[in-house]
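Engineer: pasted the sequence and its predicted model underneath.
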Amino acid sequence: MIGSNPQAFSDKAMTSVQRHGQLKIVGTQLLDQHGEVVVLRGMSLFWSQWMGQYYNADAVAWLQKDWNINVIRAAVGVTAGSGYLTNPDVERSKVQTVIDAAIKQGIYVIVDWHAHDPEPEAASQFFSSIAQKYGQVPNIIYETWNEPLPKYDWSTVIKPYHNKVISSIRAFDADNVILVGTQSWSQDVDKAANDPLGFANVGYSLHFYASTHREELRNKALYAINNGLALFVTEWGTSEASGTGRLDAKERQLWFDFMDLHKLSWCNWSVADKAESSAALQPGASGRGGWEDRQITESGLIVRSVLRAKN
């Protein structure tokens, strides 16, 4: 065909991990194996102990094929309900199923320690086991503490926690990116910018819910970026911070513009059929994918459209 570009066709045939390979953080940016800025966009699964029906290979494959995700976040629930601390083998198995599926689909996977309180010993043990098993593949991204509560000070509690857990990962995996939660539900990235961690290849989690968090939080994020932090929006919602409530289209667009401008990667919360406005799926939607539009919520349709357009 006249004017065809064989390289372009070749690139489209490659998976995201084949194309981008080993990721690294340099300055404020996430770079791929070619030293080019890469932006990952995808979906976060819900707490593993409550929405385990979506922790399977079929759901991951459908999200990659139909929603065009290039990253998925596995949120291992730690303390609430029958989480990891109660059933470690069960919850670890769910996460490993998602990791294996992500590797098969050629996408990246964030292994998220989904907790609000510090559990440094349990987290270190968990991440050590994941790093030993998967540390040699470029698909893995570690998220060591999802959302520290406001009462836990960054410098005296959160930073020492991350130092311990990161050390347990780096004992087995020297290369893959690690993301760290920040004070006040991963919103006080400005505090982390004033006292950053000493490890290389580490990014900082920023979380927002578009109908609650506005310019004030974007200003915190901008302060962190201007002071050298690499941010990754590991969790954001279209709704209010409660996970429910109205969807604010204006603020959502402002956040999209902000993330695009600063080339921030993101995962939307969440792949769940819970009856709340942040959920991507309608109650009763199959745990195996194959969702028709009528089985997808307003939020899910919005996010799927963006993923298809931008990835």
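Structural biologist: Right, received. Where do you want to start?
Engineer: if I look at residue 33, how far off is residue 282?
Structural biologist: Taking C-beta to C-beta, to the nearest Å as the measure, residue 33 falls 39 Å from residue 282. Quick note: C-beta positions are derived from backbone N, CA and C, even for glycine.
Engineer: just residue 189 next, same as before
Structural biologist: In this view, residue 189 and residue 282 are 34 Å apart by C-beta to C-beta.
Engineer: strands along the stretch 201-311 of the chain, start to end?
Structural biologist: With strands called from DSSP state E, counting those that start in this stretch, the stretch 201-311 of the chain shows them at 202-209, 231-237, 266-271.
Engineer: ok, which of those strands comes nearest residue 195?
Structural biologist: Taking C-beta to C-beta as the criterion, residue 195 comes closest to strand 202-209 out of the strands of the stretch 201-311 of the chain, the separation being 11.6 Å.
Engineer: pull the distance from that closest one to the chain's centre.
Structural biologist: Offset of strand 202-209 from its chain centre (C-alpha atoms, centre = their mean, to the nearest Å): 9 Å.
Engineer: let me see the mean pLDDT of that strand.
Structural biologist: Averaged over strand 202-209, pLDDT sits at 98.
Engineer: what of stretch 42-49?
Structural biologist: The predicted model gives stretch 42-49 an average pLDDT of 97.
Engineer: now swap in stretch 252-264 and tell me
Structural biologist: Here the mean pLDDT over stretch 252-264 is 98, rounded to a whole number.
Engineer: of all the strands of the stretch 201-311 of the chain, which one comes closest to residue 142?
Structural biologist: Taking C-beta to C-beta as the criterion, strand 202-209 is the member of the strands of the stretch 201-311 of the chain that comes nearest to residue 142, at 9.6 Å.
Engineer: report the angle between the closest one and strand 231-237.
Structural biologist: Regarding strand 202-209 and strand 231-237, their directions subtend 30 degrees when assessed with axes from the mean of the first three to the mean of the last three C-alpha atoms, to 10 degrees.
Engineer: contact partners for the closest residue to residue 233 other than its chain neighbours?
Structural biologist: Closest residue in space to residue 233, ignoring its immediate chain neighbours: residue 266 at 3.9 Å, by C-beta to C-beta, 6 or more residues apart in numbering. Taking C-beta atoms under 8 Å, 6 or more residues apart in numbering, we find residue 266 in contact with 40-42, 232-234, 236, 259.
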